[in-house]
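A.B. asks: take this sequence and fold it.
(one chain, ligands or ions: 1)
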Amino acid sequence: MVQLGIIGVGRIGKVHIQGILSGVPGTHIRGIAAPHITEEIQTLARSAGAEVLTEDFRVLLRDPHIDAVLICSPTDTHADISVEALRAGKHVFCEKPVDLGLVKIQTVIDEVAVSGLKYQVGFNRRFDHNYQALHRAVTSGKIGQVQIIKICSRDSEPPTPKFVPSSGGLFLDMTVHDLDMVRFLSGSEVEEVYAAGSVLVDEAIGRAGDVDTAAVVLRLENGALGLIDNSRRAVYGYDQRAEVFGALGCVSIGNDAPSTAVLSTADGVTSEKPLWFFLERYLSAFQEEVRQFIDAVANDYPVPVGVEDARKATLLAMACTRSARERRPVRMDEFYDM
Ligand SMILES: NC(=O)c1ccc[n+]([C@@H]2O[C@H](COP(=O)([O-])OP(=O)(O)OC[C@H]3O[C@@H](n4cnc5c(N)ncnc54)[C@H](O)[C@@H]3O)[C@@H](O)[C@H]2O)c1
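C.D. replies: Prediction:
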């Protein structure tokens, strides 16, 4: 039984606690840390049977019964807590991003190497049933040599403009998932990116220095091309589609909806809108990534997504940010000395 500590109980922390309680075998939530313990957190801790509820995450790091921690606190705390947790001998699952800067990510990479402990990063989409099917179709060779990867990723509603400065901007916060997906699906690194951004959803996001709409073209080292489009607002729900086109065929995934019912009447044909946002859409992916982390810890398997994946996706997001700002293609070798 892997004993877990949960650090941070906001949106994503609650999703992970609920996911673990409803079906991650071989683990027990021993401790929960949150700086402000609300009644809701107390109720969650009780239903998890957690022995420790604390305002200080270091109490969990000092607990000899805890094997691993899930870091679900805000982004700017991830790297420091990761390093402390590894030094305390705990395996770590860290929500994305590990950090918005390469220096701190490198500190974590170094600490992981020294510790020999497991360190997994929360690129949840790799564990989604649709993306898994896409990945299987590609890696089985059914569509032959991959030529084009298209990803459409649009949020249902924009974040508040005050979220913008701490997010690192759309490319580091949102596109980073799609950049990781291009690497995952293609099995190739990226040679060059060309990104464009625009403010079409909320002028306040623009005033805060970010864009809310983006398009990215990627040239991969294996010669394939990638296309990503992002928006912070799709009025019909969370729009998550993808297609991989290859020499022998094409495979695509559509949106998940609450049901597959299609209503046909004299007025037209309608079906349900996509699930509203990431909490609903990726619920089982959040659960599956933790299940695989627990498996890796319990059986000494390699983690499915590591800190080096986080570094590479962050580098790509930085290249997109530079490309959009300077309105030019950016080669990844501009970042080789970083
Ligand atoms: N993988 C995904 O798709 C995904 C989705 C959402 C959020 N995230 C990531 O998860 C992280 C948290 O996002 P969120 O939306 O849950 O934010 P949130 O603000 O809802 O929750 C963060 C929580 O952490 C707590 N916290 C702050 N400092 C802490 C500390 N030192 N120790 C313990 N708890 C602390 C806060 O009180 C808050 O409750 C972010 O890094 C975000 O990028 C990932």
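
A.B. asks: alpha carbons only for contacts and neighbour counts from here, please
C.D. replies: Will do.

A.B. asks: which parts of the stretch 201-338 of the chain are helices?
C.D. replies: 203-207, 278-281, 283-299, 307-326 (DSSP state H, counting those that start in this stretch).

A.B. asks: right, and these - which one's nearest the ligand?
C.D. replies: Smallest distance to the ligand across the helices of the stretch 201-338 of the chain (CA to the nearest ligand atom): 6.6 Å, for helix 278-281.

A.B. asks: give me whichever of the helices of the stretch 201-338 of the chain is most buried.
C.D. replies: Comparing the helices of the stretch 201-338 of the chain by mean neighbour count (mean count of other CA atoms under 10 Å), helix 307-326 ranks first with a mean of 22.

A.B. asks: which strands and helices sit next to that helix?
C.D. replies: Helix 307-326 sits against helix 102-115, strand 119-121, helix 176-186, strand 190-198, strand 330-331, with contacts defined as 3 or more CA pairs under 8 Å, 6 or more residues apart in numbering; DSSP states H and E.

A.B. asks: give me that answer again for 10 Å
C.D. replies: helix 102-115, strand 119-121, helix 170, helix 176-186, strand 190-198, strand 213-220, strand 330-331 (3 or more CA pairs under 10 Å, 6 or more residues apart in numbering; DSSP states H and E).

A.B. asks: just put the ones you listed in TSV and tack on distance to the ligand.
C.D. replies: As requested, those are exported to TSV (distance: least, CA to the nearest ligand atom, whole Å):
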stretch	distance to the ligand
helix 102-115	14
strand 119-121	9
helix 170	11
helix 176-186	8
strand 190-198	21
strand 213-220	18
strand 330-331	25
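
A.B. asks: for residue 49, find the nearest of these.
C.D. replies: Of all the helices and strands packed on helix 307-326, strand 119-121 sits nearest to residue 49, with 24.7 Å by CA to CA.

A.B. asks: for the closest one, give me every contacting residue.
C.D. replies: Applying CA atoms under 10 Å, 6 or more residues apart in numbering, the contact partners of strand 119-121 are 68-71, 82, 86, 90-98, 108-109, 111-113, 289-290, 292-293, 296-297, 302-310.

A.B. asks: pairing partners for it, with directions?
C.D. replies: According to DSSP bridges, strand 119-121 forms sheet pairs with strand 91-94 (parallel).

A.B. asks: could you check how far the strand it pairs with is from the centre of its chain?
C.D. replies: Here strand 91-94 is found 14 Å from its chain centre; the criterion is CA atoms, centre = their mean, to the nearest Å.
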